[in-house]
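# Fold the following.
(one chain, ligands or ions: 1)
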Amino acid sequence: MNWLKKQKCGSVPVKQVPAHIGIIMDGNGRWAKKRGLPRSAGHSAGAETFKKIVRYCSKIGVKHLTVYAFSTENWKRPAAEVTFLMGLFEQYLNDALKDFEQRNIRVVFLGDKSAFSPNLQRLIADIEQASQSKTGMVLNVAMNYGGRSEIIRAAKAIASDVKDGKFSVDAIDEKVFANKLYTAGQPDPDLIIRPSGEKRLSNFLLWQSAYTEFVFMNVLWPDFSEKDLDLAIAEYAARNRRFGGV
Ligand code: FPP
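Below you'll find the predicted structure:
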């Protein structure tokens with residue numbers, strides 16, 4: 001089906017679309033500051049961008065999209081900002097429920113959910129439950145997520161399985177380990193995009209990003225558009241991935 005391969009969605013040829021994209025949604029605070037607005041206004045604008053980019057990724061055929069919404073370190077922010085963000089997550093996830101349903105999107109949450117309010121935990125459980133049979137894009141929302149704590153959690157789970165005699169120490173390999181991560185069963189990200197000009201991983205998908213291509217962009221997340229995603233994908237498609245080979 002050559003015609004299908006050449007078909008374009010937006011300006012991205014279908015064959016160039018990475019199977020798994022990760023996005024560090026950064027720059028909301030600076031976006032607000034530039035406009036003399038409170039940081040919360042930046043997060044609200046960022047949540048709109050989240051909605052727009054999820055739709056676009058699903059439209060162009062991305063199979064897995066992982067967004068970094070709240071890290072294990074983000075609790076250090078002022079209480080008012082954390083409270084605002086939690087409210088925003090509730091509001092957007094509630095609103096998005098129907099949208100995800102219509103678009104056949106399966107939603108998975110990466111991170112320790114136990115720290116969230118009972119309401120938010122219920123909403124997360126409802127969304128995961130309602131969307132688990134969906135066959136379209138998998139949307140991973142990383143909330144109270146940290147790569148290091150994910151790795152420690154996996155190590156503990158494996159240690160406990162060994163202790164219970166489920167398998168031997170010698171049987172532990174990369175596959176066994178990956179299957180204990182929040183992303184179990186999903187492919188590693190091909191591309192991670194970080195807008196806002198910062199050039200670091202900030203504890204995002206540490207294990208999974210061993211061979212990921214990174215694209216750093218200067219645009220602030222609330223201004224991030226479909227065109228920016230196209231540009232990041234075009235840069236990714238021009239890279240030569242060797243996975244340690246030649
Ligand atoms: C980082 O920008 C952004 C966050 C910590 C929050 C991200 C959350 C959203 C975009 C809302 C998404 C909504 C859902 C439902 C997933 P920053 O505040 O660190 O920006 P700064 O570096 O400019 O201060």
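# Contact partners for the residue in the chain that the ligand sits nearest to?
Residue nearest to the ligand within the chain: Gly29 (2.4 Å; C-beta to the nearest ligand atom). Bear in mind the C-beta positions are built from the backbone N, C-alpha and C, glycine included. Gly29 sits next to 39, 42 when contact means C-beta atoms under 8 Å, 6 or more residues apart in numbering.
# Can you list the buried residues in the host helix or strand of it?
Secondary structure assignment for Gly29, by DSSP states H and E: helix 28-34. For helix 28-34, a neighbour-count test (16 or more other C-beta atoms under 10 Å) marks 28-32 as buried.
# Tell me which other helices or strands the helix or strand following that helix touches.
The C-terminal neighbour of helix 28-34 among helices and strands, as given by DSSP H and E, is helix 39-60. Packing contacts for helix 39-60, counted by 3 or more C-beta pairs under 8 Å, 6 or more residues apart in numbering; DSSP states H and E, involve helix 28-34, strand 64-71, helix 79-102, helix 226-237.
# Confidence-wise, which of these is weakest overall?
Mean pLDDT is lowest for helix 79-102 among the helices and strands packed on helix 39-60, at a mean of 92.
# how far off strand 64-71 does that one point, in degrees?
Counting by axes from the mean of the first three to the mean of the last three C-alpha atoms, to 10 degrees, helix 79-102 points 160 degrees away from the direction of strand 64-71.
# ok, back up a step: please identify the deepest-packed of the helices and strands packed on helix 39-60.
Across the helices and strands packed on helix 39-60, averaging neighbours per residue (mean count of other C-beta atoms under 10 Å) puts strand 64-71 on top, at a mean of 23.
# ok now that one, how far from the chain's centre?
On the basis of C-alpha atoms, centre = their mean, to the nearest Å, strand 64-71 sits 2 Å off its chain's mean C-alpha point.
# lowest average confidence, helix or strand, in the protein?
One helix or strand of the chain scores below all others by mean pLDDT, DSSP states H and E: helix 2-6, with a mean of 38.
# Tell me the secondary structure at the most far-flung residue of the chain relative to its centre.
Relative to the C-alpha centroid of the chain, counting by C-alpha atoms, centre = their mean, Gly165 is the outermost residue, at 34.2 Å. Here Gly165 is coil, with the state taken from DSSP: H, G, I helix; E, B strand; the rest coil.
# Those residues of this protein touching the ligand, which are they?
When proximity is defined by C-beta under 6 Å from any ligand atom, the chain lies next to the ligand at 25-30, 43, 46-47, 50, 67, 69-70, 74, 85, 88-89, 92-93, 141, 196.
# please redo it, this time with the cut-off set to 5 Å
In this structure, the chain approaches the ligand at residues 25-30, 46-47, 50, 69, 89, 92, judged by C-beta under 5 Å from any ligand atom.
# got those residues as CSV, with distance to Phe214 columns?
Formatted as CSV, those follow (distance: C-beta to C-beta, whole Å):
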residue, distance to Phe214
Met25, 15
Asp26, 13
Gly27, 16
Asn28, 20
Gly29, 22
Arg30, 20
Gly46, 20
Ala47, 24
Phe50, 20
Ala69, 19
Phe89, 26
Tyr92, 26
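# circling back: how far away is the residue of the chain closest to the ligand from Leu37?
10 Å (C-beta to C-beta, to the nearest Å).
# repeat for Ser209
33 Å.
# And the two? Which one has more around it.
Between Ser209 and Leu37, Ser209 has the larger neighbour count (other C-beta atoms under 10 Å), namely 17 against 13.
# need the contact list for that one.
By C-beta under 8 Å, 6+ apart, the contact set of Ser209 is 22, 188-189, 192, 201.
# Is it in a helix, a strand, or coil?
Three-state call for Ser209 (three-state DSSP): coil.
# Also Arg153?
At Arg153 the chain is in helix, as set by three-state DSSP.
# go on, Asp26?
Once three-state DSSP is applied, Asp26 turns out coil.
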